[in-house]
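With the input below, show me the fold.
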Amino acid sequence: MTSLAQHAICAAGFVHAGIVVANIPLPGRLRVREKLAGVPDFIRQIFYVHWLYIVIVVGLFAALCFRFTAELAGASSLGRFLSAFIAAFWLLRIILQLFYYDREIRYDNRFLDFLYLVSLALMVVIFGASALSPVR
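Model (predicted):
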């Protein structure tokens, strides 16, 4: 029988996959090429490589959610550890979104910003609860 936590982890996998897909048009929407035009090539390359690596990590989170649902929901110590890591990862991202990112860009995209923050908050709750659950 599948638990509510497992269904929530699976749903979080779809959120992660959605974040990966959303990153495809994002550079164009944010006019990244135009805004990085005056930046030295090496810095621009670092920026793109880091962006790609973050997208790969989020894709890995999605794969973990779909393949190791029970473990992430508390069936193993390693799964609970990974759930704690994912919860902390997204909690830090919420803090950066709220207190570091440019408020004007967030305001110009307020619906997407709100949707993103709600999605991240749900993932913090889902993975945080799973990390704190007892081993079954």
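
so the residue lying farthest from the centre of the chain, which of the three states?
Distance to the chain centre peaks in the chain at residue 38, reaching 29.2 Å (criterion: Cα atoms, centre = their mean). Following DSSP: H, G, I helix; E, B strand; the rest coil, the label given to residue 38 is coil.

got it, and residue 89?
Assignment for residue 89 (three-state DSSP): helix.

and it, what pLDDT?
Listed pLDDT for residue 89 reads 98.

wouldn't residue 129 be in contact with residue 4 here?
No: the criterion here is Cβ atoms under 8 Å, and residue 129 misses it with residue 4 at 9.7 Å. No exception for glycine: its C-beta is placed from N, CA and C like everyone else's.

Settle it for me: which of those two has more neighbours?
Legend: neighbour count by other Cβ atoms under 10 Å for residue 129 and residue 4, higher for residue 129 (16 against 9).

what residues are up against residue 94?
117, 120-121, 124 (Cβ atoms under 8 Å, 6 or more residues apart in numbering).

what's in contact with stretch 25-41?
Residues contacting stretch 25-41 (Cβ under 8 Å, 6+ apart): 43-44, 47, 51, 105.

Separate out the buried members of the contacts of residue 94.
120, 124 (16 or more other Cβ atoms under 10 Å).

Tell me the one of the contacts of residue 94 nearest residue 110?
Among the contacts of residue 94, residue 117 lies closest to residue 110 (Cβ to Cβ), at 10.3 Å.

Any buried residues in whichever helix or strand the closest one is part of, and which?
For residue 117, the host element (DSSP states H and E) is helix 110-132. Neighbour-count burial for helix 110-132, counted by 16+ other Cβ under 10 Å, picks out 113, 116, 119-120, 123-124, 126-131.
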